[in-house]
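Peer 1: give me a model of this one.
(one chain, ligands or ions: 1)
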Amino acid sequence: MRAILVILRFFLRRAAGRLALGTLLLVATLAAGAGLFAVSGWLIAGSALAGLGLIVFDTFRPSAGIRFFAVGRTVARYAERLASHDATLRVLAALRVAVFRGLAASPGPAQPGGRMLGRLSGDVDALDGLTIRLAAPAVATLVAGAAGLVLLGAVSVPLALAVFVPALLGGLLVPVVLGLRATRDARRKLAALDAVRLRLADLDRGRTDLALAGRLGEKVAAVGDAATRAAVAERRLARREAVIRAAGLLGGQGAIAAAALVGAGLLAAGAISGPLFVAVVIGAFAAIELVGPLRAGALDLGRTAVAARRLAPLVEVGERAAGTVTPAPAAGTAAASLHFENVDFRWADDRPAILENFSGVVPAGRRIALVGPSGVGKSTLLALAAGLARPDAGRVSLGGAGIAAPGRSESGAAIGLLTQSTRLFRGTIADNLRLAAPEAADDDLLAACRTAGFAPVLERLPAGLATGLGDGGSGLSGGERRRLALARLILARPALWLVDEPTEGLDAVAAAAVLAGLDAAIGSATALIVTHRPEDAAIADEIWTLGTDGRVAGVRPGGRELAGAGRR
Ligand SMILES: Nc1ncnc2c1ncn2[C@@H]1O[C@H](COP(=O)(O)OP(=O)(O)OP(=O)(O)O)[C@@H](O)[C@H]1O
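Peer 2: Numbering: from 1, shown residues only. Okay, the predicted model is just below:
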């Protein structure tokens, strides 16, 4: 419930006015509907009695009333849809930003996977019903219901109770209670569907290994189990839905029957007139309309509650982070020295310490190649220097300034990170490049491509910079992708270059091209290059060997220093 309130508060802060207008228009729609039914009943009864010669009946006023209410209802409904959908879509857009901002600002080094992002997007979409189908109808039903109760109560209190008790019981109380109780089933269904997706993906990727290990059948059965759990939860939800529908139907019909019964008694006692009796009975049809919108929302209550519970913590973090927007790093900062001072670090409390009291300095403008056995923490050092992870103790700084945020020091200097998996995006080559420098002219992009050794690739592409790339930069070879990523990094003009296995997975020709591009790109900046290939150390001044104790076990000259020494 608290989670739903957090999300509701978010909605109200963003669009209270529009949502209130939508709710007001919904009240108007419901009132016009009730008026339409009541006046129709009045007209039918009055005309019938006049036809029998029992009374003199003026049909003009009710006819005008019917037209007024019918047109009013259509206009109010249209305007209500416009106002509340507009408000909801605006708030959902802001909610998406808050959720992803919250995700970015959440502690912990783990980055969310695609499946989790998909689930969060689904959760945000699920919340579109929170105001349209739940909060607004609930408020409108209460307001319009209270007004109806007072109006009918003025005629006769027993009549008012006879109409409203069954309608509110079947149309409001039962749906809300059952809807809230459906939360557990909604959660189970979502968890089971997640399990189906995960297990299917695993099965698909590992089917050869599973078949060879004779475990294929077992894994297929596990998918089946999860699917069965999803189906069971779905069936329970469907059962609840059927009960909610039946309760709404019975409540509505009950209201009409009760209006007829109690009204007939009042008519016989001479407490109400004939036309008023018929107006009340037909007006009772409006009770079904009154609770109808809410019933649809109650069916979604379980899914909405689950989505709210998952998103509320992220939204709260995102809201807090909103005031502290990180400015983009300043490009073109001069080379600066990188300091690790007495750094302690472990990735998680239940993981072993990777670094204990680690200290080291990469002087300004110097390039260090970092080598050492697998798992000693070379990439971890890069993550700390890039600001992707924070030391548990000690300090990492660039030119004396601490690391403020990923890719940026406290003085605003840019920190560039190039890894094997540096991400390219769906879009044109120019779009990918401008991620680092949105204002850059085409000439700047081309210059960066030349330095990175990507220009020959670009020349072969008829559309050049406008060439479209698929997901993850598909459409380019591995080596080409890495050179494009390098060009993008050049545009950010980092003061510190952090490079992780730059030539890993490339053939000798592609590796040499990437290395030449990297050499030119780093220029006189400071660089820390993690590698296990001796060729990569050719562009470094010094080679540090990181030992299994997480300390620098040895230092020897790199290719640049050797070449420099040779020339001297
Ligand atoms: N994001 C992470 N979350 C948890 N543990 C991690 C994470 N990244 C690395 N580790 C762990 O930290 C230790 C050091 O990993 P790191 O990648 O820094 O080593 P490395 O020296 O770069 O190894 P390699 O040469 O194999 O890439 C490993 O035991 C690894 O399992």
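
Peer 1: all contacts plus neighbour counts: C-alpha atoms, from now on.
Peer 2: Will do.

Peer 1: what secondary structure does Pro352 sit in?
Peer 2: What DSSP: H, G, I helix; E, B strand; the rest coil gives for Pro352 is coil.

Peer 1: can you tell me the closest non-neighbouring residue to it?
Peer 2: Excluding the flanking residues, the one nearest Pro352 by CA to CA, 6 or more residues apart in numbering is Arg346, at 6.1 Å.

Peer 1: how about that neighbour, phi and psi?
Peer 2: Note on Arg346: backbone dihedrals following degrees, to the nearest 10 are phi -140, psi 150.

Peer 1: may I see the buried residues of stretch 537-552?
Peer 2: For stretch 537-552, the neighbour count (16 or more other CA atoms under 10 Å) marks 537-548, 550-552 as buried.

Peer 1: would you check which pair of those residues lies furthest apart?
Peer 2: Farthest pair in the buried residues of stretch 537-552 (CA to CA) is Ile539 and Thr548. Separation: 24.9 Å.

Peer 1: hey, where'd the helices end up in the stretch 451-568 of the chain?
Peer 2: Counting by DSSP state H, counting those that start in this stretch, one finds helices in the stretch 451-568 of the chain at the ranges 455-460, 478-492, 508-522, 559-567.

Peer 1: redo these as JSON lines? Include mean neighbour count and mean pLDDT.
Peer 2: Shown next, in JSON lines, are these (neighbours: other CA atoms under 10 Å; pLDDT from 0 to 100):
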{"stretch": "helix 455-460", "mean neighbour count": "14", "mean pLDDT": "89"}
{"stretch": "helix 478-492", "mean neighbour count": "25", "mean pLDDT": "86"}
{"stretch": "helix 508-522", "mean neighbour count": "19", "mean pLDDT": "84"}
{"stretch": "helix 559-567", "mean neighbour count": "13", "mean pLDDT": "65"}
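
Peer 1: C-alpha coordinates for stretch 39-58, CSV please?
Peer 2: Extracted as CSV, the C-alpha positions of stretch 39-58 are listed here (Å, rounded to 0.1, in the frame of the first residue of the first chain):
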residue,chain,number,x,y,z
VAL,A,39,-35.2,11.7,-17.2
SER,A,40,-35.9,8.9,-19.7
GLY,A,41,-37.9,7.0,-17.0
TRP,A,42,-39.8,10.2,-16.2
LEU,A,43,-40.6,10.8,-19.9
ILE,A,44,-41.6,7.1,-20.5
ALA,A,45,-43.9,7.0,-17.4
GLY,A,46,-45.3,10.5,-18.0
SER,A,47,-46.1,9.8,-21.6
ALA,A,48,-47.7,6.5,-20.8
LEU,A,49,-49.9,8.0,-18.1
ALA,A,50,-50.8,11.0,-20.4
GLY,A,51,-51.6,8.5,-23.1
LEU,A,52,-54.1,6.8,-20.8
GLY,A,53,-55.6,10.2,-20.1
LEU,A,54,-54.7,10.1,-16.5
ILE,A,55,-52.5,13.2,-16.4
VAL,A,56,-51.5,16.1,-18.5
PHE,A,57,-47.8,15.8,-19.3
ASP,A,58,-45.5,18.3,-20.8
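
Peer 1: so which bits of it are buried?
Peer 2: Val39, Ser40, Gly41, Trp42, Leu43, Ile44, Ala45, Gly46, Ser47, Leu49, Phe57.

Peer 1: out of these, which two sit at the greatest distance?
Peer 2: For the buried residues of stretch 39-58, and using CA to CA, no pair is farther apart than Val39 and Leu49, which are 15.2 Å apart.

Peer 1: and the helix or strand containing Ala15, what does it pack against?
Peer 2: For Ala15, the host element (DSSP states H and E) is helix 2-51. Counting contacts by 3 or more CA pairs under 8 Å, 6 or more residues apart in numbering; DSSP states H and E, helix 2-51 packs against helix 60-105, helix 136-155, helix 274-283, helix 285-322.

Peer 1: which phi and psi does the residue of the stretch 201-350 of the chain found nearest the ligand have?
Peer 2: Distance from the ligand to each residue of the stretch 201-350 of the chain (CA to the nearest ligand atom) is smallest for Trp347, at 4.8 Å. The phi and psi torsions at Trp347 (degrees, to the nearest 10) take the values phi -70, psi -30.

Peer 1: count the neighbours of it for me.
Peer 2: 17 (other CA atoms under 10 Å).

Peer 1: quick check: the gap between it and Gly550.
Peer 2: Using CA to CA, to the nearest Å, Trp347 is found at 14 Å from Gly550.

Peer 1: shared neighbours of these two, anything?
Peer 2: Ile354 (CA atoms under 8 Å, 6 or more residues apart in numbering).

Peer 1: let me see the domain layout of the chain.
Peer 2: Residue ranges for the domains of the chain, per automatic domain parsing: 2-322, 338-567.

Peer 1: least reliable of the helices and strands packed on helix 2-51 going by mean pLDDT?
Peer 2: Mean pLDDT per stretch puts helix 285-322 lowest among those, at a mean of 79.

Peer 1: may I have the beta-bridge partners of Ala401?
Peer 2: Leu398 (DSSP bridges).

Peer 1: isn't it up against Ser409?
Peer 2: Yes - with contact defined as CA atoms under 8 Å, Ala401 and Ser409 form a contacting pair (6.2 Å).

Peer 1: neighbour count winner among those two?
Peer 2: The neighbour comparison of Ala401 against Ser409 (other CA under 10 Å) goes to Ser409, with 26 against 19.

Peer 1: the ligand versus the residue nearest to that one when sequence neighbours are not counted, what's the distance?
Peer 2: Once flanking residues are discounted, Ser409 sits nearest to Ile403: 4.2 Å by CA to CA, 6+ apart. Using CA to the nearest ligand atom, to the nearest Å, Ile403 is found at 18 Å from the ligand.
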